[in-house]
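Engineer: Turn this into a model:
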Amino acid sequence: MTPSPLVRNYTESGVLIAGGTSGVGLATACRFADAGVSRIAILGRNEERGKAAESAVREKFSGVEVTFIAADAADVDQVESAVATAHSALGSIDVLVNSTTTAYKPELLHRTPTADIAGILMGQALPPMLTTRAVLPLMQAQGGGSIINIASDAAKVPTPGESALGAAMAAIVMFTRVTAVEAKRNGVRVNAVTPSLIAGTATADNVLSSGFSKSLFEKASALAHLGVAEPDDLASLIVFLGGPASSRLTGQTISVNGGISAF
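Structural biologist: Numbering: from 1, shown residues only. Have a look, this model is predicted:
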């Protein structure tokens with residue numbers, strides 16, 4: 001008989017958030033702290049922003065131990081070192097959230113410099129794959145855990161201007177689904193969250209700044225009859241996926257987009 005997977009309550013969990021220094025990642029750290037998680041590690045490239053995020057969570061939630069780890073999630077050696085540091089600081093990594101992104105502005109393919117395509121693909125798709133690969137054996141050894149990868153609706157909906165980005169996001173989604181199938185025997189759950197536009201983020205400011213991208217996302221916003229998603233909307237779902245209430249849920253890709261699409 002297959003043993004029951006290890007699913008820790010929030011108060012017993014250690015949470016690692018890659019890309020947790022701002023936007024959805026930082027909102028997620030706060031949501032986990034509010035749910036009772038007292039051990040959180042945040043991974044990011046910018047040390048100044050990381051220390052600010054660390055302080056912000058600590059000041060808002062007393063008793064929460066927050067550790068910032070400076071690392072580039074697209075660098076294999078840095079990821080492996082960061083995960084080892086996080087595991088040592090937290091005692092266990094029960095939840096991994098991959099909320100990394102790169103600065104990108106949608107553009108039609110024939111206007112996209114050929115030299116930019118590899119950077120778009122690797123910059124978006126590689127970080128969650130590397131961090132998942134580094135954390136997965138730790139979760140397998142302890143008998144359970146939850147991994148949540150953030151992609152986007154570009155993985156599901158063919159959107160003009162997002163050919164390379166859509167390919168990268170689709171890669172994250174399929175990576176998530178296959179990893180979920182492989183990891184379920186060890187009690188590890190792997191799911192993806194696929195937002196569209198997220199208000200109040202640097203990415204939203206960038207894509208709405210000018211040109212084709214501005215027109216594209218203004219039209220998308222008009223379809224969000226439930227309201228354009230905000231970081232906290234994503235964070236609420238991520239915390240659910242990281243907790244015991246979702247212990248039977250794996251291999252899923254869930255959109256949070258206010259009704260922009262229904263895929």
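
Engineer: outside of stretch 213-229, which residues touch it?
Structural biologist: Outside stretch 213-229, the residues within contact range by Cβ atoms under 8 Å, 6 or more residues apart in numbering are 105-107, 159-161, 195-199, 204, 206-208, 256-261. Placement of C-beta: from N, CA and C, glycine included.

Engineer: Figure out the length between the terminal residues of it.
Structural biologist: Taking Cα to Cα, to the nearest Å, the first and last residues of stretch 213-229 lie 18 Å apart.

Engineer: Residue 42 should be in a helix, yeah?
Structural biologist: No: counting by DSSP: H, G, I helix; E, B strand; the rest coil, residue 42 falls outside a helix, being strand.

Engineer: so the residue nearest to residue 250 when sequence neighbours are not counted, which of the three states?
Structural biologist: Using Cβ to Cβ, 6 or more residues apart in numbering and skipping residues adjacent in sequence, the residue nearest residue 250 is residue 189, 4.0 Å away. When classified by three-state DSSP, residue 189 comes out as strand.

Engineer: mind listing the helices for the chain?
Structural biologist: 23-35, 47-60, 76-90, 114-142, 163-183, 202-207, 211-222, 231-241 (DSSP state H).

Engineer: worst average pLDDT in the ones you listed?
Structural biologist: By mean pLDDT, the lowest-scoring of these turns out to be helix 202-207, with a mean of 68.

Engineer: Buried deepest among the helices of the chain, which one?
Structural biologist: Among the helices of the chain, ranked by average contacts under mean count of other Cβ atoms under 10 Å, first place goes to helix 23-35 (a mean of 24).

Engineer: hang on, the earlier thing: so for residue 101, which of the helices of the chain sits nearest?
Structural biologist: Ranking the helices of the chain by proximity to residue 101 (Cβ to Cβ) places helix 202-207 first, at 6.1 Å.

Engineer: Contacts for stretch 87-97, please.
Structural biologist: Stretch 87-97 is contacted from outside by 8, 12-18, 20, 25, 28, 32, 39-41, 65, 67, 83, 86, 131-132, 135, 138-139, 142, 144-148, 150, 238, 242, using Cβ under 8 Å, 6+ apart.
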